[in-house]
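Chemist: pasting the sequence and the predicted model now:
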Amino acid sequence: MLAFISRFGVGLALGHVLPRLPMLVVTRGKAANARFAPHPAPVHLEPHLTARLLLMRRLWWLVLPASLIPMAFGAASLVSGNAAFGFGLWIASGWTALHRLLALVKLDVAPVRLETAQRLQAVMDRCAGDEACCAHPVPVWESEAVRCAACRSMLDPMPRPDLGRPRSDPWPVRFLRLWVADGHAMLLAEPRPPTG
Ligand SMILES: [Zn+2]
């Protein structure tokens, strides 16, 4: 019974991790992040950030086709290999695929959307134009919102999703956070107290 549960558990864990592997590793290298401030420092709004957001969006959606591979292995193992391992693998990767399919119907479930990049562009445009918050605006994306680093004005109440920068936490915690967050912001946007 214990062997059954442990094989099922291993299958379950692999079924969750394998489809997310590109999302968890692709952008984490030092060279890939040389242009960005280290996590968790605020990130300056600039074209490299927009490019990174679009990459994170692609990696998030890549999970859907990537989950089909462990699903197929799980099904094969269920039929003619280790049934407990195969069932765990199949159910976890199937659940992952289902989660992404539901996101296709309800797009605002995805942590990074085209709208995210458009909102950042709108902030950059405002800062460059006459509606700027102050004389020398420095728009940065903090963990819970986009703010001006010069005058501290809130420019967009959008929490920062996972941008793929390596985290400073110790390894197991870092991996667990990335896995559990699934690309989403780890903080919820807090309503700002009314000013004035
Ligand atoms: Zn400002």
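Modeler: Received, thanks.
Chemist: check the gap between residue 142 and residue 129 for me.
Modeler: Using CB to CB, to the nearest Å, residue 142 is found at 22 Å from residue 129. In this view, the C-beta of every residue, glycine as well, is placed from N, C-alpha and C.
Chemist: who has more neighbours out of the two?
Modeler: Legend: neighbour count by other CB atoms under 10 Å for residue 142 and residue 129, higher for residue 142 (16 against 8).
Chemist: so what's the more buried one up against?
Modeler: 42, 160 (CB atoms under 8 Å, 6 or more residues apart in numbering).
Chemist: ok, now residue 93?
Modeler: So residue 93 contacts 15, 16, 18, 19, 67, 68, 69, 70, 71, 74 (CB under 8 Å, 6+ apart).
Chemist: now residue 178
Modeler: 24, 162, 167.
Chemist: with residue 37 instead?
Modeler: 43, 44.
Chemist: returning to that earlier point: looking at the contacts of residue 178, which is nearest the ion?
Modeler: Of all the contacts of residue 178, residue 162 has the smallest distance to the ion: 26.2 Å, by CB to the ion.
Chemist: check which helix or strand covers the closest residue in space to the closest one that isn't next to it in sequence.
Modeler: Spatially, and ignoring its direct neighbours in sequence, residue 162 is nearest to residue 183 (4.9 Å; CB to CB, 6 or more residues apart in numbering). Counting by DSSP states H and E, no helix or strand carries residue 183.
Chemist: for residue 183, what are its contacts?
Modeler: Counting by CB under 8 Å, 6+ apart, residue 183 has contacts 23, 56, 59, 60, 110, 111, 112, 161, 162.
Chemist: just after the helix or strand where the first one lies, pick out the following helix or strand.
Modeler: Per DSSP H and E: residue 23 is located in helix 2-25. Scanning forward in sequence from helix 2-25, with DSSP H and E defining helices and strands, the next element found is strand 43-44.
Chemist: by contact count, what packs against that next one?
Modeler: Packing partners of strand 43-44 (3 or more CB pairs under 8 Å, 6 or more residues apart in numbering; DSSP states H and E): strand 139-141.
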